[in-house]
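Novice: just the structure for this:
(one chain, ligands or ions: 1)
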Amino acid sequence: MTWQERLNSTRRVHLAEWPTPLEPLPRLSAELSCQIFIKRDDQPGPGMGGNKTRKLEYLLADAQRRGQRKVVTFGGLQSNHARLTAAACARLGMETHLFYFDPRPARLVGNLLLNRLFGAHLHFIPLGGGGGMSLEATIRLVRLIAWALVGEHYFIPVGGHNWLGGLGYVRAAQEIDQGTRALGLEKACLVTAAGSGGTLAGLMAGLALCNSPVRPLGIDVGKLWKGFPTSIAALASEICAQLNADYRFSAADVPLIERQYVGQQYGTPSPAGQAALLKLARHEGILLDPVYTAKAFGGMLDLIQRKVIGQDEAVIFLHTGGQAALFAFERQAYG
Ligand SMILES: Cc1ncc(COP(=O)(O)O)c(C=O)c1O
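Specialist: Numbering: from 1, shown residues only. Have a look, this model is predicted:
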């Protein structure tokens, strides 16, 4: 079986229409003298959409195959992954349990409010952010806590971070590769926010498998995980292995800019991110979110302005969604 046949034969549920649009950003391109496009992965799927829809198509098909009706996942208070899991599970008639390791906020706003609308069970366990642990160790710990509190269930790691979820971004890489070729672009840099890193890992694997002229670039928005590039490389390698393809990635192969564009910390809007959010809204009428895409977009603008990217290549911003979080931050954060 080729890797494409293996990918196409892996079961997935249908949550959205594909491919997502690949649109030019004409006013911003003219201002920055660079060809800039946006891939609209902020739109697909139930519950306001976002990048996790692609991962959930595979993960929830696996839950169904295993006969599980109860799904557990976790994330930060404004986790879009948690909200999309709740929405997709509602559509499929499954029960969702969402774990947060912060105190229960006085008011449930933004994604937390939407989770309630989708009927998800919310568990607040104020252990703190657990900073300094690896992604894998955090997932193992939460898995144990969830077994103790919820019993039998299907467990989805933070951000849908495993090889099965990563297949969603191998399919996205195929779409982006075809989309850029259809536009006649010879080379392109594809910029994405990296939270759990699964989107970047899937893109690295997919673009390598397609032998694509598109190169991925991840912008860390969290400073969350010890050994983050190592985790991403391991996941990209595992995705390829699961597709019977012989690609191995090391931490040094991971195109990730760590720390530079995070601002103060994960989950807190940064001044550069907020400026980028306003710029895209006012130039193109497109909304970013303050936690992920605004910081990544701000990083992308800085890299274009400093001529680090976009010199002899087009630039594509992968819009991964998250706009529900706009409603969870104070109005003055938007200037
Ligand atoms: C809006 C948004 N963008 C980007 C990401 C990052 O995706 P990943 O966790 O696959 O790195 C997330 C989730 O973490 C997200 O919710």
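Novice: residue 190 contacts residue 214, doesn't it?
Specialist: Yes. Counting by Cβ atoms under 8 Å, residue 190 touches residue 214, with 5.2 Å between them. Where you see a C-beta, it was placed from the backbone N, CA and C, and this is true even at glycine.
Novice: okay, those two: which has more neighbours?
Specialist: Counted by other Cβ atoms under 10 Å, residue 190 and residue 214 do not tie: residue 190 has more neighbours, with 26 against 22.
Novice: angles on the backbone of the more buried one, please.
Specialist: phi -100, psi 110 (degrees, to the nearest 10).
Novice: then residue 317?
Specialist: As for residue 317, its main-chain torsions (degrees, to the nearest 10) stand at phi -100, psi 130.
Novice: list the contacts for it?
Specialist: Contacts for residue 317 were tallied using Cβ atoms under 8 Å, 6 or more residues apart in numbering; they are 25, 36-39, 191-192, 296-297, 300.
Novice: gap between it and the ligand?
Specialist: From residue 317 over to the ligand the distance is 11 Å, taken as Cβ to the nearest ligand atom, to the nearest Å.
Novice: again with residue 320
Specialist: For residue 320, the distance to the ligand - Cβ to the nearest ligand atom - is 3 Å.
Novice: what residue ranges in the protein score low on pLDDT?
Specialist: Residues of the chain meeting the criterion pLDDT under 70: 128-131, 331-335.
Novice: hey, which helix is longest across it?
Specialist: Looking across the chain with DSSP state H, the single longest helix is helix 163-182.
Novice: which strands or helices does that helix pack on?
Specialist: Counting contacts by 3 or more Cβ pairs under 8 Å, 6 or more residues apart in numbering; DSSP states H and E, helix 163-182 packs against helix 3-9, strand 22-24, strand 36-40, helix 52-65, helix 198-209, strand 214-220, helix 228-242, strand 314-319.
Novice: go with 6 Å
Specialist: With contacts taken as 3 or more Cβ pairs under 6 Å, 6 or more residues apart in numbering; DSSP states H and E, helix 163-182 sits against helix 52-65, helix 198-209, helix 228-242.
Novice: after the first one comes which helix or strand?
Specialist: Following helix 52-65 in sequence order, the next helix or strand is strand 70-74 (DSSP states H and E).
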